[in-house]
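**Student:** The following comprises the amino acid sequence and a computationally predicted model.
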Amino acid sequence: MGLAIALLVVVSERAASAQDGPRLFQRCYACHSLDPAERHLSGPNLRELFGRRAGVLDEFEYSLPLREAGRRGLVWTVETLDRFLEDPEELVPGVRMSGVRLRDPGERRALIRWLQGATR
Amino acid sequence: MHRLIVTLVLALTAATAAAQVTVQEYPLPPRLGVHDVWADPAPDGPVWFSAQRSGHLGRLDPKTGKVELIPLGPNSAPHGVILDADGAPWLTDGGQNAIVRVDPTTRAVTKWPLPQSRGYVNLNTAIFDRGGVHWFTGQNGVYGRLDPRTGDLKVFDAPKGRGPYGIHVTPEGVVYYASLAGSHIARIDAATDKAVMIEPPTPGQGARRVWSDSTGVVWVSEWNSGQLSRYDPRTGQWRQWKAPGARPRVYAVYVDERDKVWVSDWSDQVMLRFDPATETFESFKSSSGTADVRQIHGRRGEIWTPESAADKLVVYRYR
């Protein structure tokens, strides 16, 4: 039984591997860009996201809750981004991106793995 | 709790005569992620709303304050909700990448998934034209049409790619949508289904939603510029008015039955009513510190707003 569950997890992760990143990024694409020149969208630019404190880009007008979360120490890491993508409202109550959720853990892992490279 | 109707009768005296507006607030269950709202045209009829975070269609009975939640399916995250001519709610469900209809009597849910070849389009908002065709936008750079009688569903690439957001139809039946990232509006040519781009005078203005008045003039809420703008298709002329405040952010727009224009401003967190005759704004506010009103709809004498940050539906009643 344990082996079966482990296999299912492996199959699930294979079903959404890092190569699925571009497809999964379509969930983010309307509001976020990886191109440093694109700074006009309704969400902040994601270039050099990892290691960045939340809510600190000068050119973007963040919601107060996200700025506050950054001031309290929220930094974008694999772990915090995973929690945020699962349920933004849960991690940062009042955040404007409140209704957009990526519920599947395998998809979140795949997207984050891809973003680690794509945001550099 | 959600059955409790909190009535704030704030008799807000506005600057102009006969401008008395009362505000009534209806609490919703917490953290649904209410996004859009659509009021049945019948007086005291139900008010439907999309619950993006929880994946529900909501129905409020304004007479009792009772809220009903109808689950739409796994991964549902509906953005827009509209009613068809028969009073059935239709949702643009970004989470399911599908157009969804809910039977208003049986609550049966019917889905029209978008073609897999299109991938995820980030469905946004929809409107029915006079012929009963359902037109929709996808923020990743598409617009499309669904004929409910045949199930025929077509998806088209939008000019300038990502951005298609709010959509509405004029009394003559012409469909317009706004492109937030593309900073333009577009008219859909009925003969060819092509979207014809129309650029407002302010560069990078962030046209977010559109609404037609009774004469076919198109009103646009501009997120980036903080302006309300007006496009007259007969003359091709534009006009713009900056919303009050230091740095307004105008999200939603709606034109009431008297052709007064309502917008929501996220900077001061107020509802604004614009009178085109006097070119003045009046300001109204609920008790919420932060409301984040993402859409506006109404019926005779009433303006309904979904307060996404406050878990409320709020109605502004005027005479």
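**Tutor:** Arrived safely. Computed from a predicted structure; not experimentally measured. Numbers count the residues shown, from 1 in each chain, chains lettered A, B, ... in the order given.

**Student:** And the strands in the stretch 201-319 of chain B, which stretches?
**Tutor:** Taking DSSP state E, counting those that start in this stretch as the test, the strands found in the stretch 201-319 of chain B are B:207-212, B:218-222, B:227-232, B:237-242, B:250-255, B:261-265, B:270-275, B:280-284, B:297-299, B:302-307, B:312-318.

**Student:** Let me know which of those strands is the nearest to chain A.
**Tutor:** In terms of C-beta to the nearest C-beta, the element of the strands of the stretch 201-319 of chain B nearest to chain A is strand B:207-212, at 8.4 Å. All C-beta atoms are positioned from the backbone trio N, CA, C, and that covers glycine.

**Student:** Next, the angle strand B:261-265 makes with the closest one.
**Tutor:** 160 degrees (axes from the mean of the first three to the mean of the last three C-alpha atoms, to 10 degrees).

**Student:** on that earlier part again, with mean pLDDT and distance to B:Phe49 as new columns, can the strands of the stretch 201-319 of chain B be given to me in TSV?
**Tutor:** As requested, these are exported to TSV (pLDDT from 0 to 100; distance: least, C-beta to C-beta, whole Å):
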stretch	mean pLDDT	distance to B:Phe49
strand B:207-212	98	16
strand B:218-222	99	19
strand B:227-232	98	24
strand B:237-242	98	29
strand B:250-255	98	14
strand B:261-265	98	15
strand B:270-275	98	17
strand B:280-284	97	20
strand B:297-299	98	10
strand B:302-307	98	6
strand B:312-318	98	6
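
**Student:** As CSV, the ones you listed with distance to chain A and mean neighbour count would be great.
**Tutor:** Compiled in CSV, those are given as follows (distance: least, C-beta to the nearest C-beta, whole Å; neighbours: other C-beta atoms under 10 Å in any protein chain shown):
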stretch, distance to chain A, mean neighbour count
strand B:207-212, 8, 27
strand B:218-222, 12, 27
strand B:227-232, 16, 21
strand B:237-242, 17, 15
strand B:250-255, 10, 25
strand B:261-265, 13, 26
strand B:270-275, 16, 21
strand B:280-284, 20, 19
strand B:297-299, 18, 21
strand B:302-307, 11, 25
strand B:312-318, 14, 21
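
**Student:** closest one to B:Leu123 among the ones you listed?
**Tutor:** Smallest distance to B:Leu123 across those (C-beta to C-beta): 15.2 Å, for strand B:207-212.

**Student:** Tell me the strands beside that closest one, with direction?
**Tutor:** Paired strands of strand B:207-212, with direction, are strand B:218-222 (antiparallel) (DSSP bridges).

**Student:** circling back to that earlier point, ok, which of the strands of the stretch 201-319 of chain B comes nearest B:Asn75?
**Tutor:** Among the strands of the stretch 201-319 of chain B, strand B:302-307 sits nearest to B:Asn75 (C-beta to C-beta), with 21.3 Å.

**Student:** Those residues of the stretch 1-150 of chain B touching chain A, which are they?
**Tutor:** The stretch 1-150 of chain B comes close to chain A at residues B:31, B:33, B:35, B:52-53, B:75, B:77, B:79, B:94-95, B:119-120, B:122, B:139-140, as judged by C-beta under 8 Å from any C-beta of the partner chain.
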